[in-house]
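# Predicted structure and sequence below. I'll ask about it afterward.
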Amino acid sequence: MAAGTGGTSASTNKVSATERLMNYWAHGEGAAKIRWGTHGDFDRCVRELTQHVPASINVKGLCSNLHVRALGVRPGQERGDNAIGRRS
């Protein structure tokens, strides 16, 4: 649809689809497969997502970002005081 006609742009649809996928892997059924917060969660994410995303995507970076969404910290920081937004 043309801009200004009340339709949804392709870029808005892409953002919406990306957000749904991020939520799926961080909090939905995909998160249950990864078992965030348990030993090996990052490695499970990399293994699982490698099967589903194009080779051009940095899977480790994506899993690091998903780890933050799911747990609030980067991989390997769960037991420390390095949570996103926390002050030292």
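Right, received. Where do you want to start? Numbering: from 1, shown residues only.
# only C-alpha atoms for contact and neighbour calcs from this point on.
Noted.
# Now the residue nearest to Arg74 when sequence neighbours are not counted: which helix or strand?
For Arg74, ignoring the flanking residues on the chain, the nearest one in space by CA to CA, 6 or more residues apart in numbering is Val68 at 5.4 Å. Taking DSSP states H and E as the criterion, Val68 maps to helix 59-71.
# which helices and strands does the longest helix along the chain pack with?
With DSSP state H setting the assignment, residue counts place helix 10-27 as the longest helix in the chain. If you count contacts as 3 or more CA pairs under 8 Å, 6 or more residues apart in numbering; DSSP states H and E, helix 10-27 packs onto helix 29-34, helix 59-71.
# Only C-alpha atoms, please: export stretch 46-62 in PDB.
The C-alpha trace of stretch 46-62 is given here as PDB (Å, rounded to 0.1, in the frame of the first residue of the first chain):
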ATOM      1  CA  VAL A  46      23.800 -21.300  19.100                       C
ATOM      2  CA  ARG A  47      23.100 -24.900  18.100                       C
ATOM      3  CA  GLU A  48      19.300 -24.400  17.800                       C
ATOM      4  CA  LEU A  49      19.400 -21.000  15.900                       C
ATOM      5  CA  THR A  50      22.100 -22.200  13.500                       C
ATOM      6  CA  GLN A  51      19.400 -24.500  12.100                       C
ATOM      7  CA  HIS A  52      17.000 -21.700  11.600                       C
ATOM      8  CA  VAL A  53      18.800 -18.500  10.600                       C
ATOM      9  CA  PRO A  54      20.700 -17.700   7.400                       C
ATOM     10  CA  ALA A  55      24.500 -18.100   7.500                       C
ATOM     11  CA  SER A  56      24.900 -14.400   7.000                       C
ATOM     12  CA  ILE A  57      23.500 -13.800  10.600                       C
ATOM     13  CA  ASN A  58      26.000 -13.700  13.500                       C
ATOM     14  CA  VAL A  59      24.300 -16.400  15.600                       C
ATOM     15  CA  LYS A  60      26.500 -15.900  18.600                       C
ATOM     16  CA  GLY A  61      25.700 -12.200  18.700                       C
ATOM     17  CA  LEU A  62      22.000 -13.000  18.300                       C
END
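# Now it: buried residues?
Neighbour counts over stretch 46-62 (16 or more other CA atoms under 10 Å) mark 46, 48-49, 59-60 as buried.
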